[in-house]
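**Student:** I would like the atomic coordinates for the input below:
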Amino acid sequence: MKQNMRRLWLMVCLVFSLLALSACTAAEPAPLEGELANEILMLTAGALESINAVPEDSVEAEEAEAIKEKNTAIADGLSSWKSVMHDTGKVQNVISGVVTESEDGGYECVLTVEFASRKGEFKGFFAEDYDSPLGVSPTTFSFTPEYTTGEKLAKAGMNTLMGMGIVFLVLIFISILISCFKYINAFENKNKVAAPAPAAPAPAPVPVAEEENLADDLELAAVITAAIAAFDNTSADGLVVRSIKRAPGAKWKRA
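**Tutor:** Below you'll find the model as predicted:
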């Protein structure tokens, strides 16, 4: 009995949780009807027709002209059309259209379009504009093609390969740069060795004045000793010169 009560209580809790989740799910906005919705549909269809009528080689020029005239909505539509026109081709016909009120108080118009290559959507977003006769004005237009699952997987794979390829190229470049460091170091060392060494300072001159003076004094002493020995008629071996003093010049002249 207790087990049955536990199971029943568990089922009640489960049902209550499912109801709470369903209540939290945001409901899709109801389509807008009336004159305003019709006017927005006509404006969106007119924008689609004017963009589709632009030749492929003139899309960029028309986009630049729209930017120059500050027509942001048409400029955005041309930019979006330029990025998808090779995948979709020209517009063939409009299948359906619906206008809803967005959360920010504006309006969104979605046209289901059949292109030459696939189906897609053309969206127009409108904001309140009290200066406009309709009270709203377009803010942007965009194209959204419908791609198959295979095309989505192919694009995802291509993006993955491109990302991995770029990463590997950068890693290879970094590894090559790091491997070049040893050659740069060797080149710097080679330049340091090749640079001329600074010249050694010249040796200081050896003073010779004292030796020359000493030689002169010895010669002078020998000459004087020989002169005295000749004057006294004696041998020079017994004579010793203790000192030599130069006499004033006047006495030498009188002698």
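**Student:** rest of the way, CA atoms for contacts and neighbours
**Tutor:** Will do.
**Student:** break down the stretch 51-200 of the chain into its helices, ranges please.
**Tutor:** Using DSSP state H, counting those that start in this stretch, the helices of the stretch 51-200 of the chain run over 59-68, 72-88, 149-179, 181-194.
**Student:** okay if I get the ones you listed as a markdown table plus mean pLDDT?
**Tutor:** Converted to a markdown table, the helices of the stretch 51-200 of the chain look like this (pLDDT from 0 to 100):
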| stretch | mean pLDDT |
| --- | --- |
| helix 59-68 | 93 |
| helix 72-88 | 93 |
| helix 149-179 | 88 |
| helix 181-194 | 76 |
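**Student:** out of those, which gets nearest to residue 135?
**Tutor:** Distance to residue 135, taken as C-alpha to C-alpha, is lowest for helix 72-88 among the helices of the stretch 51-200 of the chain, at 16.3 Å.
**Student:** keeping just the C-alphas, turn that closest one into CSV.
**Tutor:** Output of helix 72-88 as CSV, limited to C-alpha atoms (Å, rounded to 0.1, in the frame of the first residue of the first chain):
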residue,chain,number,x,y,z
THR,A,72,19.9,52.0,-43.8
ALA,A,73,17.2,49.5,-44.4
ILE,A,74,17.8,49.2,-48.2
ALA,A,75,21.6,49.2,-47.6
ASP,A,76,21.3,46.3,-45.2
GLY,A,77,19.0,44.4,-47.6
LEU,A,78,21.5,44.9,-50.5
SER,A,79,24.4,43.8,-48.3
SER,A,80,22.5,40.6,-47.3
TRP,A,81,21.4,40.0,-50.9
LYS,A,82,25.0,40.3,-52.1
SER,A,83,26.1,37.6,-49.7
VAL,A,84,23.4,35.0,-50.7
MET,A,85,22.5,35.8,-54.3
HIS,A,86,25.0,33.2,-55.6
ASP,A,87,23.3,30.5,-53.5
THR,A,88,19.7,31.4,-54.2
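**Student:** buried residues, it. List them.
**Tutor:** Buried positions in helix 72-88, judged by neighbour count with 16 or more other C-alpha atoms under 10 Å: 72-82, 85, 88.
**Student:** stretch 151-159 now?
**Tutor:** For stretch 151-159, the buried set under the neighbour-count rule, 16+ other C-alpha under 10 Å, is empty.
**Student:** same question, stretch 132-148
**Tutor:** So stretch 132-148, judged by 16+ other C-alpha under 10 Å, has buried residues 136, 137, 138, 139, 140, 141, 142, 143, 144, 145.
**Student:** that older thread, ok, of the buried residues of helix 72-88, which one's closest to residue 232?
**Tutor:** Among the buried residues of helix 72-88, and counting by C-alpha to C-alpha, the member closest to residue 232 is residue 79, at 134.6 Å.
**Student:** quick check, that closest one in contact with residue 61.
**Tutor:** No - taking contacts as C-alpha atoms under 8 Å, residue 79 lies outside contact range of residue 61: 10.9 Å.
**Student:** hang on, the earlier thing: need the helices of the stretch 51-200 of the chain in a markdown table with distance to residue 112, can you?
**Tutor:** Below are these laid out as a markdown table (distance: least, C-alpha to C-alpha, whole Å):
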| stretch | distance to residue 112 |
| --- | --- |
| helix 59-68 | 22 |
| helix 72-88 | 13 |
| helix 149-179 | 19 |
| helix 181-194 | 60 |
